[in-house]
Structures are given as structure tokens and as C-alpha cells.
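Peer 1: Whatever this is, show me its structure:
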Amino acid sequence: MSRFIKIIRPQQWVKNLFVFLPMFFGGSLTDVHDIINSLLTFFAFSCVASSVYCYNDIIDVDADRRHSVKCHRPIASGAVSVVQAYILMVFMLCLGIAFLLCLSDALVHTGMVVLGYYLLNLSYCTKLKQYAIIDVCVITIGFVLRILAGGFATEVVVSHWLILMTFLLTLFLSLAKRRDDVIRMNKTGEPPRKNTIRYNLTFINQAITITASVTLVCYIMYTVSPEVIARFHTQYLYLTSIFVVLGLLRYIQITVVDEKSGDPTKAILHDRFMQLTVIAWGLAFLFIIYL
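Peer 2: Below is the predicted model of the structure:
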């Protein structure tokens, strides 16, 4: 059973917490209906994403066998057959659809977003990830779709600020992940991905710096914008920028100094500083909005 769990990667489900952001920023964190719909959307996205992971491992089996780390994946190591992986892929997709069907009043729009995410990521696994820059853009669009799905599920209008910051932040994380690929290529002489040869440290470092800077500026503009101040009835949202600065600097340190940005989820879940920064930001925002 453990080999099948490794394929669906439940530890990656933390990415789908983005579906809760519209509810959080929309001020409906105490609405039971919105909480239930957000949970259903979270599990729907998680199951659909796991279906994509199955397909990705099937497509990449030959490349994974040549990779020093990915060669231990269940399909690449032979612990799970390709046929079994396809069966698991279909099962997780059906399970995701089952969760979506529980969204009776928000099924159509949320379902369309999830379907778009699924088709986009199948295209990514099959072809799009071979093209530099396009690959990271597809990943970031996937997170924006999570935001939109959460908004449709709770009937919260997603602001342009939230979409912009989600795109920029996840683009920053995706570029940091590609930096890890470049370092691996420089050490082994073999690119982990076909498109890695279209990246180098100079380009990646500059792209990370630019993206982090724009993300920070965008967040500060959000906290001091008149419509946001009027919406939350406070002028102190800008104080939360402190945690955003600390979080970005720490992740750049993890990327450039520690060279451990190959798995953003793992990096964040195992770094105390990042965890405390995110928790402090969340509590500060929670206090300002709801108390």
C-alpha cells in the first residue's frame, strides 16, 4: 500500500490549501457553508492532482530511472507496474469528481476550473514542461486556478490583487525549484529535465530577484490600496509586510545558500523559520481582519 501512497504524493496536497484563501481574505472564515465547500474543493483538487502525479510518473519513467533521486519512485523502481499506475490514475480522478459532485450549488463553475486544471497539467506532463519559462508559467497558472476554484465554491469574488500575488509568489517558488535543477546539471553534466539546458544560474538568479521584488511591491501596494483599507476597515495591514519580507529572504537563503529548493513543499514543511513566518503572518492577518 505504501508504494501506491508514494505515487499520489499526499504530502503535496498542502499546495491545495490555496483554495481556502478566497474564504480567508473574503472574511467568511466563520461561515460553515463556505468551510464545507472549501474542504470539498480542497479534496477534489487533491485527488485530481494525485491523478496527474500518476500520469507524470508514467510518462517520465525512463527519465526517472536515470535520475539519482527520482529513480526510487515506485514506477521507476518497478515496485508499481504501469498498468497499476493507470488504474490508480483513473481511481483518483473519479474520487475527485465525487467530491465535486457534492458541491451542488457551486458545481458547474468549480468543476470547470478543476477540469481546466486537469487538462492543463496533462498537457504539461506530455509536452509543455519541455519548454523553458512556459513550464514555470503553467505551474503558476495551476495555483491561480486553485484560487479561482475556492472563490467559485464559496461565491467569494476573487480580487485582482489575490490573483497577482498568487501568480508572482508561485512563479518565484517555481524558479527557485528550477535553480536546483541547474545546480544538479552543473554537478552531474546531465540535465534533470529536457528544458534545463535553457536555464543557467545567471538567468535564474536574476529571475528570482526580479520576481521576489515585484511580489513584495505588489503585496505592499495591496495593503495600502484605498479599496482594501475600506474593505477591512483598517490602515494597519501594511504591518504584515514584515513577515512577507522575512519569508522571501529566508526562501532565497534556502535556495542560494543551502541549495535545497528542489522541493518547495518539503523545504517549507521542514524549515522552522519559514513555518513561524507563515504562522505569524496568518495570525496577524487573522487578528486584523476578524478581531
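
Peer 1: Report all helices and strands that the helix or strand harbouring T255 contacts.
Peer 2: In this structure, T255 sits in helix 241-256 according to DSSP states H and E. Other elements packing on helix 241-256 under the criterion 3 or more CB pairs under 8 Å, 6 or more residues apart in numbering; DSSP states H and E are helix 160-188, helix 201-224, helix 264-269, helix 272-290. Heads up, the C-betas are built off the backbone N, CA and C, glycines and all.

Peer 1: any chance of those helices in a markdown table, plus mean pLDDT and distance to V69?
Peer 2: Converted to a markdown table, these look like this (pLDDT from 0 to 100; distance: least, CB to CB, whole Å):
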| stretch | mean pLDDT | distance to V69 |
| --- | --- | --- |
| helix 160-188 | 92 | 9 |
| helix 201-224 | 94 | 20 |
| helix 264-269 | 82 | 12 |
| helix 272-290 | 89 | 22 |
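
Peer 1: Figure out which of these is closest to L39.
Peer 2: Nearest to L39, of all these, is helix 272-290, at 17.8 Å by CB to CB.

Peer 1: May I have the helix or strand of the chain with the lowest mean pLDDT as PDB, with CA atoms only?
Peer 2: Across the helices and strands of the chain, mean pLDDT, DSSP states H and E gives its lowest value to helix 61-65, namely a mean of 74. The C-alpha trace of helix 61-65 is given here as PDB (Å, rounded to 0.1, in the frame of the first residue of the first chain):
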ATOM      1  CA  VAL A  61       9.500   6.600 -16.100                       C
ATOM      2  CA  ASP A  62      12.600   6.300 -18.400                       C
ATOM      3  CA  ALA A  63      14.000   9.700 -17.300                       C
ATOM      4  CA  ASP A  64      13.300   9.000 -13.600                       C
ATOM      5  CA  ARG A  65      15.300   5.800 -13.900                       C
END
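
Peer 1: Contacts for it next, please.
Peer 2: Under the contact criterion CB atoms under 8 Å, 6 or more residues apart in numbering, helix 61-65 has outside partners D57, K70, C71, R73, I75, A76, V82, R193.

Peer 1: What pLDDT is listed against the third one?
Peer 2: Per-residue pLDDT puts C71 at 73.

Peer 1: Now do the spatially closest residue to it that is not a sequence neighbour: how many residues are near it, please.
Peer 2: Nearest in space to C71, with sequence neighbours left out and distances taken as CB to CB, 6 or more residues apart in numbering, is R65 at 5.4 Å. When neighbours are counted by other CB atoms under 10 Å, R65 registers 14.

Peer 1: Could you check how far R65 is from I75?
Peer 2: With distances defined as CB to CB, to the nearest Å, the gap from R65 to I75 amounts to 9 Å.

Peer 1: Check T30 too.
Peer 2: When T30 is compared with I75 (using CB to CB), they lie 44 Å apart.

Peer 1: who has more neighbours, these two?
Peer 2: I75 (23 against 9).

Peer 1: Could you tell me which residues make contact with the more buried one?
Peer 2: With contacts defined as CB under 8 Å, 6+ apart, I75 is in contact with I7, D57, I58, V61, D64, S81, V82, A85.

Peer 1: Could you do S51 as well?
Peer 2: The contact partners of S51, by CB under 8 Å, 6+ apart, come to M89, V90, M92, L93, G96, Y118.

Peer 1: what's around the closest residue to L169 other than its chain neighbours, how many residues?
Peer 2: Taking CB to CB, 6+ apart, and ignoring the residues beside it in sequence, L169 has T215 as its nearest neighbour in space, at 5.5 Å. Other residues near T215 come to 21 when the count uses other CB under 10 Å.
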